[in-house]
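Undergrad: generate coordinates for the sequence data below:
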Amino acid sequence: MEHKSPTRALGQELEVIACEYLGARGLALITRNFQCKLGEIDLIMRDDQTLVFVEVRYRKSERFGSAVESVDRRKQRKLTRTALLYLKIHRLNQSTPCRFDILGITPNACDKSLCFDWRQNAFGLNGIY
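TA: Prediction:
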């Protein structure tokens, strides 16, 4: 039996919530937690004909910056390399319409609800290599 840390369990729960949030906005899930030696992509979804690689980020507060801002150039580079490998594995090519979205999640200070900051096409392949 695998024991999950509280942080990992919260991350998985938030990915399910993120998937439901994006699904309600028209995106269809392809896979969760695509992992390879290069890294991990939280959600891979389809928005019409576009393949969407989604990074889900949670922050308890924005004291040290927002959840979206936490996806720095190093993380963007890791995500794009992982996405390129995903495309190769699935015999897709770089001309396949795709984008990178970030879904930042923070708790609402007034109640127990969650606030979502969805940045579509947050970054691209340009300038990564």
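Undergrad: going by C-alpha atoms from here, please, whenever you check contacts or count neighbours.
TA: Fine.
Undergrad: what's the end-to-end length of stretch 50-67?
TA: Taking C-alpha to C-alpha, to the nearest Å, the span from the opening residue of stretch 50-67 to its closing residue is 24 Å.
Undergrad: am I right that I44 is in a strand?
TA: Yes - checked against DSSP: H, G, I helix; E, B strand; the rest coil, I44 lies within a strand.
Undergrad: what count of nearby residues applies to it?
TA: By other C-alpha atoms under 10 Å, 23 other residues sit near I44.
Undergrad: quick check: bridge partners of C98?
TA: Each beta-bridge partner of C98 is listed here: L51, as defined by DSSP bridges.
Undergrad: what sits against it?
TA: The neighbours of C98, taking C-alpha atoms under 8 Å, 6 or more residues apart in numbering as the test, are T50, L51, V52, F53.
Undergrad: same thing with L27?
TA: Each residue near L27 by C-alpha under 8 Å, 6+ apart is listed here: M45, R46, D47, D48.
Undergrad: again, 6 Å this time
TA: Contact analysis of L27 by C-alpha atoms under 6 Å, 6 or more residues apart in numbering lists R46, D47.
Undergrad: and it, how far from L85?
TA: For L27, the distance to L85 (C-alpha to C-alpha) stands at 22 Å.
Undergrad: now L14
TA: For L14, the distance to L85 under the criterion C-alpha to C-alpha works out to 25 Å.
Undergrad: and the helices in the protein?
TA: If you assign secondary structure with DSSP state H, the helices in the chain sit at 6-23, 73-89.
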